[in-house]
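Chemist: sequence and predicted structure below; questions after.
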Amino acid sequence: MAGRAQRLTPAGDFDYEAQGSGYARLRRTDPRLARSVHAALGGAQSVLNVGAGAGSYEPEDRYVVAVEPSAAMRAQRPAGRPAVDAVAERLPFDDGSFDAAMAMITVHQWQDLEAGLRELRRVARDRVLVLTFDPDALLDFWLADYVPELLEAERPRMPAIERIAAAPGGSVEVSSPPIPHDCVDGFIEAYYARPEAFLDPSVRAAQSAWAHTRVDVEPGLRRLADDLASGAWDARYGALRQRPEYVGSLRLVATSS
């Protein structure tokens, strides 16, 4: 449970023990995205949240069990909401233990995607939900004009939506939840209308993509800072500041048995 020791090696492709300290503050549940997730859960009353982190998107009106392999992330969970220390590929639950299982912005970090998704299907009597990003849409985001290396490095990490949809089996529905302009879940596209945020190291630290980029992103960030100061960014993209929501690469994949 929550008190187990820190893992010596990361369970996935990002070291949350060393770099996950700001997630509870900067990667919070956005209530508008939560409505999409909770609606997709349908009538499920018992839910398993795998790769649960600090607890984002866990419904408060249902019975939820969380799984999170990082001690640093488990320590950031709200009081009274512990998490089981386990990984997606080996869930310590019987078949059909829950009405539904969900994985929120985590599958790109699993060591074995198909094994993890099969486990979600095994323990879920009905629905499996995955909130993720479509790699084919990542480069459409304006940040690619400044740090294309970041998004190019991120694309191979993101599993194709077709892989995610196929692995659990059953009927599939894929939707594109719109991202609100003041989204409080600080993934990259959450700041589509707030470009200044990318100049804040704490914001970047709560986005694992920056840690995976092996090239120097500072020149691109300096160009962004210069363009914001000169007004060049607003001349090209300023209309985004007025958009109440943005449909980007975020995808909600829901499969039913």
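Modeler: Looks like it arrived, so ask away.
Chemist: phi, psi of residue 57?
Modeler: Main-chain dihedrals, residue 57, degrees, to the nearest 10: phi 70, psi 10.
Chemist: show me what contacts residue 217?
Modeler: 147, 149, 150, 210 (Cβ atoms under 8 Å, 6 or more residues apart in numbering). The C-beta positions use only the backbone N, C-alpha and C, and glycine is treated the same way.
Chemist: and the buried ones among these, selectable in PyMOL?
Modeler: Per 16 or more other Cβ atoms under 10 Å, the buried members of the contacts of residue 217 correspond to this PyMOL selection:
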select buried, resi 147+150+210
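Chemist: show me where the protein has helices.
Modeler: Under the criterion DSSP state H, the chain contains helices at 16-19, 23-26, 31-40, 71-74, 113-123, 148-154, 161-166, 201-205, 209-212, 218-230, 232-237.
Chemist: how near is the nearest residue to residue 32 once chain neighbours are set aside to residue 56?
Modeler: Excluding the flanking residues, the one nearest residue 32 by Cβ to Cβ, 6 or more residues apart in numbering is residue 180, at 4.9 Å. Distance from residue 180 to residue 56, counting by Cβ to Cβ, to the nearest Å: 15 Å.
Chemist: who's more crowded, those two?
Modeler: residue 56 (22 against 19; other Cβ atoms under 10 Å).
Chemist: so that one sits right up against residue 185, yeah?
Modeler: Yes. If you go by Cβ atoms under 8 Å, residue 56 and residue 185 touch, sitting 6.4 Å apart.
Chemist: and the closest residue to residue 252 other than its chain neighbours, what pLDDT?
Modeler: Nearest residue to residue 252, sequence neighbours excluded (Cβ to Cβ, 6+ apart): residue 175, at 4.9 Å. Residue 175 is assigned 98 on the pLDDT scale.
Chemist: tell me which residue is most central in the chain.
Modeler: residue 105 (2.1 Å; Cα atoms, centre = their mean).
Chemist: show the contacting residues for residue 248.
Modeler: 137, 140, 141, 176, 179, 189, 192.
Chemist: now do the same contact list for the closest residue to the fourth one other than its chain neighbours.
Modeler: It refers to residue 176. The shortest distance from residue 176 to any non-neighbouring residue, by Cβ to Cβ, 6+ apart, is to residue 247 (5.2 Å). By Cβ under 8 Å, 6+ apart, the residues touching residue 247 are 176, 178, 179.
Chemist: for residue 247, give me the pLDDT.
Modeler: pLDDT, residue 247: 98.
Chemist: try residue 69
Modeler: 93.
Chemist: okay, now the residue lying closest to residue 121 once chain neighbours are set aside: neighbour count?
Modeler: Spatial nearest neighbour of residue 121, chain neighbours left out: residue 168 (4.0 Å); criterion: Cβ to Cβ, 6+ apart. For residue 168, the count of nearby residues is 26 (other Cβ under 10 Å).
Chemist: show me the contacts for residue 168.
Modeler: Counting by Cβ under 8 Å, 6+ apart, residue 168 touches 117, 118, 120, 121, 128, 255.
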